[in-house]
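**Student:** from the sequence below, what's the structure:
(one chain, ligands or ions: 1)
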Amino acid sequence: MSHSARDAGLKLLREHAFIDGKAVKGSGGTIAVDDPATGETIGTVPDLGKTETEQAIAAADRAFADWSGRRPDERAAFLREWARLIDDHAEGLAGLMALENGKPLDEARGEVAYANGFLKWFAGEAERMLGETQDSPLGHVILTFRKAVGPCALITPWNFPAAMLTRKLGPAFAAGCTAVVKPASQTPFTAIALVELAHQAGLPKGVLNLVTGDAATIGGVLTASPVIRKLSFTGSTPVGRILAEQCAPTLKRVSMELGGAAPLIVFADADIDQAVAETIKGKFRNSGQTCVCPNRIYVERSVARDYADRLAAEVSKLKVGNAFDDGVKVGPLIEDKGIDKVEDHVAKVKAAGGEILTGGERHDLGGRFFTPTVTFGGDDALFREEETFGPLVPVFAFDTEDEVVGKANDSDLGLASYLFTRDLDRAIRIGRRIEAGMCGINTGLMSTPVAPFGGVKQSGYGREGSTHGIDDYLDIKTLTLKLG
Ligand code: NAP
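**Tutor:** Predicted structure coming up:
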């Protein structure tokens, strides 16, 4: 057990929100945050509401003129200093995240580095917000500038408590936007620690505000406010729909990073060992609780059973346990409901005639631990629309290319997809036909700050990361100049 990372994490734990550069406790109640591995409370955050959210919006509004008016290189310098402090505190941040989220410590370390990558990348992008010049057919000269959209509301989920925040704040700050952040109630401490480090890095007061409390209340105030010019939301599709509707009256810019039901397709010509290893990397990150986790595996019939058996053999070796225990690859799920859902999905596979090749039940550790599970056969329909969000890999056989593309696309969701083949022509042909924002070819991991991330259909719209990630935080301003 790594006590040092846990202790370093506890030193960064702060039980307050941030409004206008100040720590805020509020006068109401608190929300308890637990360690999903034990169910024990690790701390509380203030249960803030309408008044504090309005104060945070007002602070972001006041700070906007100065922050957006600064030179881009000044904002870039801030992002680099913030990133330096995050690197300095990386072990503590990883420990805090592992504690509140339950993900294995090594994964939490990886997330801190990944999260910080967005700040480093967008520090560079701040200095590349290029405009254009053009001769007009009217005889004028047209100059375009890219300007910050205004104060933003950023709402993030619990599964990547650091990365989902920096993926929004990096481009927002690079562009010159100010922000009100609402982190997930299950994992607020990582976000609070990041906000504190931002202030230590010299961020002016009011540029970054963080409120904790009842999501519907805070979300209602943020979306109704005419001051907030943009909402960026990462979370579930049902909540995304509510928020998009709430943003309509004020015509806010909206980006939605929502759920997925990723298909992973293995053709008979693939390197099966590689496909197995990459499936495990993609599926078991965060114990299966990521929006890009392969949710349904389709394998060409001639190799399907062989792939499934090899996968089950490897999956049965994955160590389940507390985030801080050595060698742990699969932690607890975030909440009891998550365990119930995996159990329900396993039962439905069985009822449809599928076989359990390994796992299939709650883990001996009890609580929110589930045994990593591989099933073979049954009906894939459920997995086209519903994310399992847990350590279950359902494998199904297919016969033809058209059949599998049809199944992959027969879903309202379209975030990630994966394809394993040695045939380059087929990889590009099918990669382009699959209705998903992203397709990993011969890899189970594709998230990096330099690649566009986002979905199509009901997985949302907008792209985060890459050179495109800043666009959602910028308006184009046109000056038309009549020359004398
Ligand atoms: P969720 O229930 O939608 O919650 C996400 C965030 O929204 C949390 O901060 C939550 O606050 C807040 N929220 C909930 N109801 C709200 C409302 N009515 N108004 C305003 N805010 C509200 O999703 P989750 O269960 O935490 O996260 C898992 C989902 O996120 C999965 O579907 C996953 O696929 C998706 N996800 C997508 C991406 C992506 O980039 N596409 C990345 C990661 C996760 P509370 O915590 O206080 O309830």
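**Student:** which ones are touching L251?
**Tutor:** Shown here is L251, which makes no contacts under the criterion CB atoms under 8 Å, 6 or more residues apart in numbering. All C-beta atoms are positioned from the backbone trio N, CA, C, and that covers glycine.
**Student:** what's the spacing between it and the ligand?
**Tutor:** Distance from L251 to the ligand, counting by CB to the nearest ligand atom, to the nearest Å: 18 Å.
**Student:** in this protein, where is pLDDT below threshold?
**Tutor:** Counting by pLDDT under 70, the ranges of the chain that qualify are 1-2.
**Student:** now the residue of the chain found nearest the ligand, nearest residue through space, not along the chain?
**Tutor:** Residue nearest to the ligand within the chain: G219 (2.3 Å; CB to the nearest ligand atom). With CB to CB, 6 or more residues apart in numbering as the criterion, G219 has its nearest non-adjacent residue at 6.1 Å, and that residue is L243.
**Student:** on that earlier part again, could you list every residue that touches the residue of the chain closest to the ligand?
**Tutor:** 155, 182, 242-243, 246.
**Student:** switch to 7 Å and redo it
**Tutor:** 155, 182, 243 (CB atoms under 7 Å, 6 or more residues apart in numbering).
**Student:** next step: those residues restricted to helices.
**Tutor:** L243 (DSSP state H).
**Student:** would you turn the contacts of G219 into JSON lines with distance to the ligand and neighbour count?
**Tutor:** Below are the contacts of G219 laid out as JSON lines (distance: CB to the nearest ligand atom, whole Å; neighbours: other CB atoms under 10 Å):
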{"residue": "I155", "distance to the ligand": "5", "neighbour count": "24"}
{"residue": "K182", "distance to the ligand": "6", "neighbour count": "26"}
{"residue": "L243", "distance to the ligand": "6", "neighbour count": "21"}
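**Student:** I'd like the contacts of G219 laid out as TSV, including distance to Y114.
**Tutor:** Shown next, in TSV, are these (distance: CB to CB, whole Å):
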residue	distance to Y114
I155	20
K182	21
L243	25
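**Student:** now the longest helix out of those in the chain: buried residues?
**Tutor:** Longest helix in the chain, counting residues (DSSP H): helix 105-126. Within helix 105-126, the residues that count as buried by 16 or more other CB atoms under 10 Å are 105-109, 111-112, 114-123, 125-126.
**Student:** now what about the helix or strand following it, what contacts it?
**Tutor:** As assigned by DSSP states H and E, the chain's next helix or strand after helix 105-126 is strand 132-135. With contact meaning CB under 7 Å, 6+ apart, strand 132-135 is reached by 141-144.
**Student:** change it to 6 Å
**Tutor:** Strand 132-135 has contacts (CB atoms under 6 Å, 6 or more residues apart in numbering) with 142-144.
**Student:** alpha carbons of stretch 110-129, as PDB, please.
**Tutor:** What follows is stretch 110-129, C-alpha atoms only, in PDB (Å, rounded to 0.1, in the frame of the first residue of the first chain):
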ATOM      1  CA  GLY A 110      -1.300   9.000 -15.600                       C
ATOM      2  CA  GLU A 111      -4.400  11.200 -15.500                       C
ATOM      3  CA  VAL A 112      -2.500  14.000 -13.800                       C
ATOM      4  CA  ALA A 113       0.100  14.000 -16.600                       C
ATOM      5  CA  TYR A 114      -2.700  13.800 -19.200                       C
ATOM      6  CA  ALA A 115      -4.600  16.600 -17.600                       C
ATOM      7  CA  ASN A 116      -1.600  18.800 -17.400                       C
ATOM      8  CA  GLY A 117      -0.900  18.200 -21.000                       C
ATOM      9  CA  PHE A 118      -4.000  20.200 -21.900                       C
ATOM     10  CA  LEU A 119      -2.600  23.300 -20.000                       C
ATOM     11  CA  LYS A 120       0.800  22.900 -21.700                       C
ATOM     12  CA  TRP A 121      -0.800  22.400 -25.200                       C
ATOM     13  CA  PHE A 122      -3.200  25.400 -24.800                       C
ATOM     14  CA  ALA A 123      -0.500  27.600 -23.500                       C
ATOM     15  CA  GLY A 124       1.000  27.200 -27.000                       C
ATOM     16  CA  GLU A 125      -2.400  27.700 -28.700                       C
ATOM     17  CA  ALA A 126      -2.900  31.000 -26.800                       C
ATOM     18  CA  GLU A 127       0.000  32.300 -28.800                       C
ATOM     19  CA  ARG A 128      -1.500  31.100 -32.100                       C
ATOM     20  CA  MET A 129      -4.900  32.600 -32.200                       C
END
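**Student:** L483: how many residues sit nearby?
**Tutor:** 7 (other CB atoms under 10 Å).
**Student:** stretch 88-108 vs the ligand: in contact?
**Tutor:** No. Figure legend: stretch 88-108 not in contact with the ligand (CB under 6 Å from any ligand atom); closest approach 11.1 Å.
**Student:** again with stretch 369-385
**Tutor:** No. Shown here: stretch 369-385 not in contact with the ligand (CB under 6 Å from any ligand atom), separated by at least 12.0 Å.
**Student:** figure out the length between the terminal residues of that stretch.
**Tutor:** Using CA to CA, to the nearest Å, the gap from the first to the last residue of stretch 369-385 comes to 24 Å.
**Student:** could you do stretch 179-194 as well?
**Tutor:** Terminal-residue distance, stretch 179-194 (CA to CA): 14 Å.
**Student:** who touches that stretch?
**Tutor:** Outside stretch 179-194, the residues touching it (CB under 6 Å, 6+ apart) are 12-14, 31, 45, 56-57, 60, 96-97, 100-101, 152-158, 161-162, 165, 172, 208-212, 218, 334.
**Student:** now, which of those lie within helices?
**Tutor:** Those of those lying in helices (DSSP H): 12, 56-57, 60, 96-97, 100-101, 165, 172, 218.
**Student:** in a markdown table, list the residues you listed along with neighbour count and distance to N295.
**Tutor:** Putting the ones in helices among the contacts of stretch 179-194 into a markdown table (neighbours: other CB atoms under 10 Å; distance: CB to CB, whole Å) gives the following:
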| residue | neighbour count | distance to N295 |
| --- | --- | --- |
| L12 | 20 | 34 |
| A56 | 30 | 36 |
| I57 | 24 | 37 |
| A60 | 28 | 37 |
| L96 | 32 | 29 |
| M97 | 31 | 24 |
| E100 | 28 | 25 |
| N101 | 30 | 20 |
| L165 | 24 | 25 |
| A172 | 28 | 30 |
| I218 | 22 | 30 |
